[in-house]
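Enquirer: requesting a structural model of the entry that follows:
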Amino acid sequence: MAFAMRINYVDVVCTDSLKNMFANGNKVGCQFQIRLSYYRGHFLSVVDEFGVKIDGKEIPQEDIRFCLGEKEFGVSQFHDLVSEYWTILEPATVKIFKNGGFAPGEHEVDVKLMFHSPYMPISDTEYMPIDGCGSKKLLLKEF
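Expert: Predicted structure coming up:
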């Protein structure tokens, strides 16, 4: 597919949301929030691609967790999440696991979020692809 619809209602990567994660006093990664930049919410099962780069470095999918409310999912689970609905008002938290975490300072966060609109068929087997990607420089403070 050579095209995708893009509608920018909000910034995908939320400002001032980057912070380190700790376990037993050790830095184990970071987390930040994203929003769905679309005019309506969607079930997570319509997500076709999800990825994160920090400072240009691709984060392995097994090191990414996607959180809605109190629920946490791996990227490989999206296809099966037919009952998990992401509203346009609810930011999701993305957790990135990396031993030692990330250094304090400014980091470029790039999110690849491609999904399809299940109510906009473009053929008998395909639906309108939606580009929900976003990037932003975020400041990570040391606490």
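Enquirer: show the end-to-end separation of stretch 63-76, please.
Expert: Stretch 63-76 has its terminal residues 11 Å apart, counting by Cα to Cα, to the nearest Å.
Enquirer: which residues touch the lowest-mean-pLDDT helix or strand in the chain?
Expert: Sorting the helices and strands of the chain by mean pLDDT, DSSP states H and E puts strand 127-131 at the bottom, at a mean of 88. Contacts with strand 127-131, where a contact means Cβ atoms under 8 Å, 6 or more residues apart in numbering, come from 1, 3-7, 38, 48, 113-118, 120-122. (Each C-beta comes from the backbone N, C-alpha and C, glycine too.)
Enquirer: whichever helix or strand comes after that strand pairs with which strands?
Expert: Using DSSP states H and E, the helix or strand that directly follows strand 127-131 along the chain is strand 134-140. Strand 134-140 has the following strand partners under DSSP bridges: strand 105-121 (antiparallel).
Enquirer: the residue of the chain positioned farthest from its centre in helix, strand or coil?
Expert: Distance from the centre of the chain peaks at Asp124, with 28.7 Å (Cα atoms, centre = their mean). Classification of Asp124 using DSSP: H, G, I helix; E, B strand; the rest coil returns coil.
Enquirer: backbone phi and psi for it, please?
Expert: phi -70, psi -20 (degrees, to the nearest 10).
Enquirer: rewinding a little: which among the contacts of strand 127-131 count as buried?
Expert: Tyr38, Asp48, Leu113, Met114, Phe115, His116, Ser117 (16 or more other Cβ atoms under 10 Å).
Enquirer: export these as JSON lines, with columns for distance to Val28.
Expert: What follows is the buried ones among the contacts of strand 127-131, written out as JSON lines (distance: Cβ to Cβ, whole Å):
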{"residue": "Tyr38", "distance to Val28": "31"}
{"residue": "Asp48", "distance to Val28": "29"}
{"residue": "Leu113", "distance to Val28": "24"}
{"residue": "Met114", "distance to Val28": "28"}
{"residue": "Phe115", "distance to Val28": "29"}
{"residue": "His116", "distance to Val28": "33"}
{"residue": "Ser117", "distance to Val28": "36"}
